[in-house]
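> how would this look folded up:
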Amino acid sequence: MTRIQADEKLLSRLRSYQKISLIAGVLGALVLIAGYVFLEGEAFFPSYLIGWVFWMQVALGALVILMIQHTVGGRWGLIILRVVEAAVMPLPLLAALFLVILAGIPHLYEWAHADVVAHDELLQAKAPYLNVPFFIVRAVLFFAIWIGMAWLLRKWSIRLDQNPDDKATRNKLRKLSAPGILIFGLTITFASVDWMMSLEPHWFSSIYGMMFGVAALASAFAFSIILLMGMRRFKPWSGVIQTLDVSDLGNWLLASIMLWAYMAFSQFLIIWSANLPEETTWYLARTEGGWQWVALINVFLHFFLPFFFLLARGTKRAPGRLKKIAWLVLVMRFVDLVWMIYPAFSPGKLAFPWISIAALIGIGGFFLAIFFGQLAKVSVPPLYDPRLPVTHVSEEAHGHVS
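Okay, the predicted model is just below:
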């Protein structure tokens, strides 16, 4: 089969985006360094954690989308396959940037202080799990699993480009992805407990890990939609993306934010109805002193507005409108992380961690530089798959989306 080559305009734009991202990353890193020098650790490290977790969720969400696609198939997954493959490749970078969080453990985690643990029976009971050496070992294990799965999935997918009839490679993708989804669920649950929930070690929630994973899925879908809708005017994407594909991606985004909202509300309802002091403190810190307005904005713009817009068929089928909703969801993912993380350090008192913007841009710049570089290497969708249009049919015959 003769392959369609990527439009040179698309490749040129991807390379330009890569350069711009790299510049943004350098500038953001310089601001972060200045923040580290001039700010106290209690102000710097929580802000850094917010920016780091944001991009971590995009990468991890992309990884689970990749495994879902290789397990169950579907045309929608083929459309965004190259985007999510490129989005998992910055995982080694994020693992390296985790070293900053390790350096900030004394400033982030109460359980890391031996003198505090010595006078707290609950922390003593949790000490076999919440201790620095085991925390580091778990992080190494998480990253080894995620990076290993991402590398294999990417490697085997590219191999199919060279040999579309390689059934052995297709089977490898499926056999890794099916159990990989279960492994992902376990690892992301423990990772969310380690990195975020243990910021307030006296509080606990059994649904927290699942909520973190679904939020990662929403982040990745929003990110993928933004990128794909931006590329749809360039060949070969212009001859591949159909109206139904856009609608399917909108449905996935809708489903992910609905599931996130369901879990978030379930957690709140259970804690509110039980009304136990050790559980309610988490919400009290986030619904007083101005944080309640952030919570209301989060509920309205993260769920209600996208929900009602995405219910409309016209919104899901219009690339421009869907892209705007995806941008809103992605921005609100950052707001949600600020609301979840920062009140642990400023309970009942609204304070915006401005250095988190520098972390978002700095880490994101390097993340996107790797992403665009990987996308430019394999910017052609997997057109060998029979679920995508044949390569030499006109764009009009494919239901070109404008």
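
> Ignoring the adjacent residues along the chain, who's closest to residue 80?
Spatial nearest neighbour of residue 80, excluding adjacent residues (Cβ to Cβ, 6 or more residues apart in numbering): residue 224 at 4.6 Å. Every C-beta, even on glycine, is put in place using the N, C-alpha and C of the backbone.

> For the chain, identify the residue most remote from the centre.
When each C-alpha in the chain is compared with the mean C-alpha position (Cα atoms, centre = their mean), residue 119 comes out farthest, at 37.4 Å.

> what about that residue, distance to residue 282?
Remark: distance between residue 119 and residue 282 (Cβ to Cβ, to the nearest Å) = 22 Å.

> Kindly report the same for residue 273.
Per Cβ to Cβ, residue 273 is found 15 Å from residue 282.

> Which residue of the two possesses the greater neighbour count?
When neighbours are counted by other Cβ atoms under 10 Å, residue 273 and residue 282 differ, and residue 282 comes out ahead with 23 against 8.

> Surely the more buried one touches residue 203?
Yes. The pair residue 282 and residue 203 qualifies as a contact (Cβ atoms under 8 Å) at a distance of 4.5 Å.

> residues contacting the residue nearest the centre of the chain?
In the chain, the residue lying closest to the centroid (Cα atoms, centre = their mean) is residue 58, at 1.9 Å. With Cβ atoms under 8 Å, 6 or more residues apart in numbering as the criterion, the residues that contact residue 58 are 87, 216, 219, 220, 223, 367.

> ok, now how distant is it from residue 221?
When Cβ to Cβ is applied, the distance between residue 58 and residue 221 equals 10 Å.

> Residue 81: which of the contacts of residue 58 is nearest?
residue 87 (10.8 Å; Cβ to Cβ).

> Downstream of the helix or strand hosting that closest one, the next helix or strand is which one?
Using DSSP states H and E, residue 87 sits in helix 75-88. Per DSSP H and E, the first helix or strand lying C-terminal to helix 75-88 is helix 91-103.

> helices and strands around the helix or strand just after that following helix, which ones?
Sequence-wise, the next helix or strand beyond helix 91-103 is helix 105-108, with elements assigned using DSSP H and E. Under the contact criterion of 3 or more Cβ pairs under 8 Å, 6 or more residues apart in numbering; DSSP states H and E, helix 105-108 touches helix 41-72.

> List the buried residues of the helix it packs on.
When neighbours are counted by 16 or more other Cβ atoms under 10 Å, the buried residues of helix 41-72 are found to be 43-71.

> Just give me how far it sits from the chain centre.
Here the centre of mass of C-alpha atoms in helix 41-72, compared against the chain's by Cα atoms, centre = their mean, to the nearest Å, lies 4 Å away.

> And stretch 289-296, by the same measure?
With Cα atoms, centre = their mean, you get 24 Å for stretch 289-296.

> how about it: buried residues?
Neighbour-count burial for stretch 289-296 [16+ other Cβ under 10 Å]: 289, 291, 294, 295.

> still on that earlier bit, quick check: the residue farthest from the centre of the chain vs residue 281, distance?
Here the criterion is Cβ to Cβ. By it, residue 119 lies 18 Å from residue 281.

> before we move on, what about residue 366?
For residue 366, the distance to residue 281 under the criterion Cβ to Cβ works out to 36 Å.

> again, but for residue 70
Note on residue 70: its distance to residue 281, by Cβ to Cβ, is 42 Å.

> can you check residue 321 too?
Counting by Cβ to Cβ, the gap between residue 321 and residue 281 amounts to 41 Å.

> neighbour-wise, which of those two wins?
Each of residue 321 and residue 281 had its neighbours counted (other Cβ under 10 Å), and the higher figure belongs to residue 321 (18 against 15).

> what's the first-to-last distance across stretch 297-308?
Using Cα to Cα, to the nearest Å, one end of stretch 297-308 lies 16 Å from the other.

> That one: how far from the chain's middle?
Counting by Cα atoms, centre = their mean, stretch 297-308 is centred 18 Å from the centre of its parent chain.

> Let me see the mean pLDDT of it.
Stretch 297-308 comes out with an average pLDDT of 96.

> give me phi/psi at residue 242?
As for residue 242, its main-chain torsions (degrees, to the nearest 10) stand at phi -110, psi 170.

> Need the per-residue pLDDT for it.
As summarised for this prediction, residue 242 has a pLDDT of 85.

> same deal with residue 396?
Per-residue confidence at residue 396 stands at 35 (pLDDT).

> going forward can the numbers begin at 55, since that is how I track them
I'll keep to 55 as the first residue from here, and by that count the last item is residue 450.

> The helix or strand where residue 210 lies versus helix 145-157: what angle between them?
Element membership of residue 210, judged by DSSP H and E, is helix 186-216. Angle of helix 186-216 versus helix 145-157, following axes from the mean of the first three to the mean of the last three Cα atoms, to 10 degrees, is 170 degrees.

> low pLDDT regions in the chain?
For the chain, residues meeting the criterion pLDDT under 70 lie at 55-60, 433-434, 437-456.
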